[in-house]
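Peer 1: just need the structure, nothing else, for what follows:
(chains A and B)
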Number of protein chains: 2
Amino acid sequence: MNEHALPPYARARQPRRARYDEDTINDILDYGLVGHVGFIADGRPMVVPMAYARWGQTIYLHGASKARIVAMHKDGDPISMTVTLLEGIVAARSGFHHSMNYRAATVHGTTRLVSDPGETEQALKLITEHLLPLRWNEVRPMHDKERKATGVIALEIEAASAKIRQAPPADDPEDHDLPIWAGVIPIVTALAAPVGDGKTPGEVPPPPSIHLARKKFA
Amino acid sequence: MNEHALPPYARARQPRRARYDEDTINDILDYGLVGHVGFIADGRPMVVPMAYARWGQTIYLHGASKARIVAMHKDGDPISMTVTLLEGIVAARSGFHHSMNYRAATVHGTTRLVSDPGETEQALKLITEHLLPLRWNEVRPMHDKERKATGVIALEIEAASAKIRQAPPADDPEDHDLPIWAGVIPIVTALAAPVGDGKTPGEVPPPPSIHLARKKFA
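Peer 2: Residues are numbered from 1 along each chain as shown, chains lettered A, B, ... in the order given. The predicted structure is shown next:
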């Protein structure tokens, strides 16, 4: 996407860390465990952590039918989602240059309540398999009452950007001689060994979805 | 805080996972690496990942003076912040019961631009030491031009709530006999061994702040 084609609210005010190419943005969106979804309710900025999935230029979200984001939804409402991958704490020689290493993507768009049963099922499959690849066909089919209790919201992406910092401290050169340790403390996020709930009769080992997830988010 | 004293936008619509006691909320706020800050700009819901610190019922945020949240700020603007600690992916026997284990805290309030130099310095120290305890006195004092280039925003907390899920899958009992593995895949976040930038003359080992951070966020 061309930065200058973006509306002002979607453009970085500090261009040094900004990126606008689709591959960079999609890579962040596709590897996040959770999205922080922003919407406005009663004139207030709401931020809700949600599971999600990307399908082309659409982000699918789901919630209980009575969840605020579903129940109070109107098609065309402005909405955004930010996915943040933390990579390190940057410890500098001055307080000022302390920072974090991270990749973050923000998408802005409008909402659409998904009503087509085919798209609903496809969206729920995508959201489940964003975290657990191939899981959908490992589990039992959905009941009708479950479908009714679930609302799916599509966020149609109109503008997207990424912010990336992946570097050592940016200390002033004259501070390098100070006897102060500076560097990066990496932040590591990973999936640990799965813990079964012990309710399945017999010995059923964790299926491929679990292994694929641990590989994806390693 | 009494749930019924809260404004509607700060009350959970699905009370099962909601918590309103201050200790639970503060514990989440004090152990998050990053907050997702929500504000409204040009009628759009913005969500920005930010470093932060809590001091009583105030959350301090900082940004470059020209950052949107600082430059476009007006005292009294509504603002929120959500801190999410992800703990696991919940794999159930049905798509419907898939979920995540997490603790999330959301605070709502209004903004105040911090102008008092003493409060500014104190806020910057708190934000630095939220991630790296005791770091402030390990580094060189702040320059005047650095103070001028930094904006500090106080979010005065008016309402707060937490949402917590920490449990195995909540499958329908009749699904327990299906030959499907179900359980939790723990999500682990930790700080790895620090990586110095190699610019400090001689051998300067990582100082206490780094070890305290690795303990805090273990």
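Peer 1: and the worst-scoring helix or strand of chain A on mean pLDDT, how far out from the chain's middle?
Peer 2: Sorted by mean pLDDT, DSSP states H and E, the helices and strands of chain A end with helix A:68-71, the least confident at a mean of 79. Computed by CA atoms, centre = their mean, to the nearest Å, the separation of helix A:68-71 from the middle of its chain amounts to 19 Å.
Peer 1: over to stretch A:38-49?
Peer 2: Between the centre of stretch A:38-49 and the centre of its chain there are 17 Å (CA atoms, centre = their mean).
Peer 1: what does stretch A:41-55 give?
Peer 2: Going by CA atoms, centre = their mean, where stretch A:41-55 is centred and where its chain is centred differ by 11 Å.
Peer 1: do it and chain B meet?
Peer 2: Yes: between stretch A:41-55 and chain B, judged by CB under 8 Å from any CB of the partner chain, the touching residues are A:41, A:42, A:43, A:44, A:45, A:46, A:47, A:48, A:49, A:51. Glycine gets a C-beta too; all of them are placed from N, C-alpha and C.
Peer 1: and for stretch A:17-28, what are the contacting residues?
Peer 2: For stretch A:17-28, contacts defined as CB atoms under 8 Å, 6 or more residues apart in numbering or on different chains pick out A:1-3, A:6, A:11-12, A:54, A:83, A:85, A:103-105, A:107, A:160-165.
Peer 1: kindly recompute the last result at 6 Å.
Peer 2: Residues from elsewhere that reach stretch A:17-28, judged by CB atoms under 6 Å, 6 or more residues apart in numbering or on different chains: A:1, A:3, A:12, A:83, A:103, A:105, A:160, A:161, A:162, A:163, A:164, A:165.
Peer 1: mind putting those residues in CSV, secondary structure and distance to residue A:192 included?
Peer 2: Formatted as CSV, the contacts of stretch A:17-28 follow (DSSP: H, G, I helix; E, B strand; the rest coil; distance: CB to CB, whole Å):
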residue, secondary structure, distance to residue A:192
A:1, coil, 37
A:3, helix, 40
A:12, coil, 35
A:83, strand, 22
A:103, strand, 23
A:105, strand, 26
A:160, strand, 32
A:161, strand, 33
A:162, strand, 28
A:163, strand, 29
A:164, strand, 27
A:165, strand, 27
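Peer 1: longest helix in chain A, by residue count?
Peer 2: What stands out as the longest helix in chain A, according to DSSP state H, is helix A:117-131.
Peer 1: chain neighbours aside, what residue packs nearest to residue A:164?
Peer 2: Closest residue to residue A:164 in three dimensions, ignoring its sequence neighbours and counting by CB to CB, 6 or more residues apart in numbering or on different chains: residue A:103, at 5.0 Å.
Peer 1: with residue A:33 instead?
Peer 2: If the residues on either side of it in the chain are set aside, residue A:33 comes closest to residue B:86, at 5.7 Å by CB to CB, 6+ apart.
Peer 1: and the angle for the helix or strand hosting that neighbour with helix A:117-131?
Peer 2: Under the criterion DSSP states H and E, the helix or strand holding residue B:86 is strand B:78-91. Compare the direction of strand B:78-91 with that of helix A:117-131 by axes from the mean of the first three to the mean of the last three CA atoms, to 10 degrees and you get 80 degrees.
Peer 1: what lies in contact with strand B:78-91?
Peer 2: Residues from elsewhere that reach strand B:78-91, judged by CB under 6 Å, 6+ apart: A:33-34, A:44-45, A:47, A:49, A:131-132, B:28-29, B:32, B:35-39, B:59, B:99-108, B:111, B:155, B:169, B:182, B:184-187.
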